[in-house]
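Novice: Sequence and predicted structure, then a few things I'm wondering about:
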Amino acid sequence: MPSARREHEENLSKIVRDVEWEEDEASAGELGDWSFSSQLPQTSDSLTIILNARTTKKNLDLLLSQNISDIDIVVNYDGRISVPIVRALLALCTPTASRWRSLSVQGVWDGDDRTSTVSDELGEFMKQHRLSLPRLRELRLCNFYNEETIRVGTTDWVPSTTDFVGILPWEAPNLFALRSFQHVPPPSFPIADFSVFELYLVPLEDEIYSQVENLGSFLASKQNVCDLILKMDRIEFDAEEILHFPVSVFPAITSLQYHLLNVDTDIVRQLYGPILKSMRIPNVQNYELSAELSSPTDVSAVLSFAPYLRLLLPDSRHHPLLTTVTIDIHFLADLEYLTSHEVRSTVIHIPLADIPYASSLRLKTFGQVFFSGKPGAGPSALREVQFRSCSGMTIQGLRLAVYSLKIAGAWDLLERVVIRGCKLLDRDGALEVIGEERLRFVEY
């Protein structure tokens, strides 16, 4: 063995031996309920290895020795062990790098100082280890301990200070997605083979302009990204006025998913709507809106939200290629059973005039639907409407939807109405309202 490599392995072994391994605690390979590990499907030939304060050297060696073709590596740093130990544990895994299917790195690397990010730490590891990752499909970067630290409002925003210029990138030719949580990598982030970028963001009142600016700078530097998934979770955000963001243009993006949690009228007006309107995506063809409303029992809150739905749709003047639109309005799944009859009877207005180029419209909602058009708008582009798992839609609600399509001028050119998994509707009733030529009915 060359002397340099022997010295490296001896140093690594010394660092690892310095850990007080707690053999009776959970070992590597035990996932627990860590929400941000890879969501790639688990198979009989896949293995998840967790590196954290409870990882034992004995079990890590055992797992690494297995002949498994797909390995998901999860680095979970929570401050209970030193950063050098975390690096040493990951270094022990590098001989299996050719089999890594995903890599997830989570932690707050400088503890309460909040001066370093997960990208900074990853940059340090890249300097030390030149890896070839031919099977890597997913990279996940999480700049907090775990989901619970967000839910109790103890998260922060720290822009990455790493300049990756001069750092040789890892080879990951099959990387599909970069998923980031409360963190945006710097524009110089050297891995650029992915086409999907997902950002889970908790907006902070004092940092929101920095957060949006960091996102824009990163996307502008990564023209390979064609699918953007933006998830925003308002924990404690109380803006006193409507925010205004500089307009940014992202010509490479063709698909946008906008997922919003803890939604109410104020947050739509002040934050979520302005962020969307500041994004010009001229080549976007597919847009998915998912809005999770706050209270399944507050009728007034639902009614006040309805007029502001148009703020959560891309400005049609700048998005002429937008042909497929999905709108999903729901409550938190755990509270769905509390949805009152009055709330299920409320009507959500879908402003067709705001999506004039859409040929396919897919809807999921808890209540009834009314389509509003614009007089003299010309022939409708709409050819398909899908109602998917509309849990509160009744046959009377379906009649209302069809009636509104007719008065909006969208019915005559409509080719298909798909009803899928709407539990209060049956085929015979739907057939009477829609007619055999247009109806596609799927119970589940």
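Specialist: Yes, it's here. Everything numeric here is computed off the predicted structure, so don't read it as measured data.
Novice: by contact count, what packs against the helix or strand encompassing Ile73?
Specialist: Per DSSP states H and E, Ile73 falls inside strand 70-77. Applying 3 or more C-beta pairs under 8 Å, 6 or more residues apart in numbering; DSSP states H and E, one finds that strand 70-77 contacts strand 46-51, helix 83-93, strand 100-107. Just so you know, the C-beta spots here come from the backbone N, C-alpha and C atoms, and that holds for glycine as well.
Novice: and the angle from the longest one to strand 46-51?
Specialist: Okay, so that is helix 83-93. Helix 83-93 and strand 46-51 are oriented at 160 degrees to each other (axes from the mean of the first three to the mean of the last three C-alpha atoms, to 10 degrees).
Novice: Helix 83-93 packs against which elements?
Specialist: Applying 3+ C-beta pairs under 8 Å, 6+ apart, one finds that helix 83-93 contacts helix 3-17, strand 46-51, helix 57-64, strand 70-77, helix 118-128.
Novice: The same query, at a cut-off of 6 Å, please.
Specialist: Judged by 3 or more C-beta pairs under 6 Å, 6 or more residues apart in numbering; DSSP states H and E, the packing partners of helix 83-93 are helix 3-17, strand 70-77.
Novice: and Phe181, what are its bridge partners?
Specialist: Note on Phe181: beta-bridge partners Cys142, Tyr200, judged by DSSP bridges.
Novice: returning to what we had before: which of the helices and strands packed on strand 70-77 is buried the deepest?
Specialist: Across the helices and strands packed on strand 70-77, the average number of neighbours (mean count of other C-beta atoms under 10 Å) peaks for strand 100-107, which reaches a mean of 24.
Novice: Could you dump the helices and strands packed on strand 70-77 into JSON lines and include distance to Asn174 and mean pLDDT?
Specialist: Formatted as JSON lines, those follow (distance: least, C-beta to C-beta, whole Å; pLDDT from 0 to 100):
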{"stretch": "strand 46-51", "distance to Asn174": "16", "mean pLDDT": "89"}
{"stretch": "helix 83-93", "distance to Asn174": "19", "mean pLDDT": "89"}
{"stretch": "strand 100-107", "distance to Asn174": "10", "mean pLDDT": "92"}
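Novice: between those, which one is nearest to Asp233?
Specialist: Set against Asp233 and scored by C-beta to C-beta, the helices and strands packed on strand 70-77 come closest in strand 100-107, at 16.5 Å.
Novice: mind checking how far the closest one is from the chain centre?
Specialist: Distance of strand 100-107 from the chain centroid (C-alpha atoms, centre = their mean, to the nearest Å) equals 16 Å.
Novice: what angle separates it from helix 83-93?
Specialist: If you take the same axes, to 10 degrees, strand 100-107 sits at 180 degrees to helix 83-93.
Novice: and the angle from strand 100-107 to helix 118-128?
Specialist: 130 degrees.
Novice: Strand 100-107 pairs with which strands?
Specialist: Partners of strand 100-107, by DSSP bridges, with direction: strand 70-77 (parallel), strand 138-142 (parallel).
Novice: about what we covered before: the helices and strands packed on helix 83-93: lowest mean pLDDT?
Specialist: Among the helices and strands packed on helix 83-93, helix 3-17 has the lowest mean pLDDT, at a mean of 47.
Novice: Now do the nearest residue to Glu415 once chain neighbours are set aside against Leu405, distance only.
Specialist: Spatial nearest neighbour of Glu415, excluding adjacent residues (C-beta to C-beta, 6 or more residues apart in numbering): Arg383 at 4.8 Å. Distance, Arg383 to Leu405, by C-beta to C-beta, to the nearest Å: 12 Å.
Novice: now do Ser345
Specialist: Distance from Ser345 to Leu405, by C-beta to C-beta: 20 Å.
Novice: the more surrounded of these two?
Specialist: Between Ser345 and Leu405, Leu405 has the larger neighbour count (other C-beta atoms under 10 Å), namely 23 against 14.
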